[in-house]
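Undergrad: here is my input, please return the structure:
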Amino acid sequence: MSTSRNNTPEPSRELINKALDCLERKGRAQFATHLETARTMWRQYQALVEAEEFPAELRADYVKETGVEPSDDCDVRSETLALGYRRSLRRDALEIARCWAARGQGSRRGDGRRLKIVSKSNA
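TA: This is a model prediction of the structure:
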């Protein structure tokens, strides 16, 4: 393990790949959660999902709680399914791996749980 200019240890390739694996798995799991919800909603409430207009009785509550109108135009494309997704995570993974290396972490199984905290601080 080498050190950078500011004396922080540079992470090994193995540690960077471990961070990449964690980020990739987290992204895909989040997409899978949304997909599970969408599939369930469509199966149980197909008429509501496919309705031309957002149901009025639900619109009022939605607006009251969120402060915005519901939209059919939200972008739900997921980069997790795109070619190059893993490559797009490299910068974040490198920062996470650097934090792990600086703290002597990333080699134990439970260190993946720290991923959320570290990635939020880099956002």
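Undergrad: secondary structure class of residue 54, three-state.
TA: Here residue 54 is recorded as coil under DSSP: H, G, I helix; E, B strand; the rest coil.
Undergrad: what does the pLDDT read for it?
TA: What the model reports for residue 54 is a pLDDT of 91.
Undergrad: who does the helix of greatest length in the chain touch, helix- and strand-wise?
TA: Ranked by residue count and defined by DSSP state H, the top helix of the chain is helix 13-44. Judged by 3 or more CB pairs under 8 Å, 6 or more residues apart in numbering; DSSP states H and E, helix 13-44 is in contact with helix 46-50, helix 85-88, helix 90-103, helix 115-121. Glycine gets a C-beta too; all of them are placed from N, C-alpha and C.
Undergrad: so how far is that helix off the chain centroid?
TA: 7 Å (CA atoms, centre = their mean, to the nearest Å).
Undergrad: and stretch 46-64, by the same measure?
TA: Relative to its chain's centre, stretch 46-64 lies at 27 Å (CA atoms, centre = their mean).
Undergrad: tell me the mean pLDDT over the longest helix of the chain?
TA: 95.
Undergrad: what residues sit buried inside that helix?
TA: By neighbour count with 16 or more other CB atoms under 10 Å, helix 13-44 contains the buried residues 15, 16, 18, 19, 20, 22, 23, 24, 26, 27.
Undergrad: chain neighbours aside, what residue packs nearest to the residue nearest the centre of the chain?
TA: Centroid-nearest residue in the chain, with CA atoms, centre = their mean: residue 27, separated by 3.9 Å. Closest residue to residue 27 apart from its sequence neighbours, by CB to CB, 6 or more residues apart in numbering: residue 80 at 4.4 Å.
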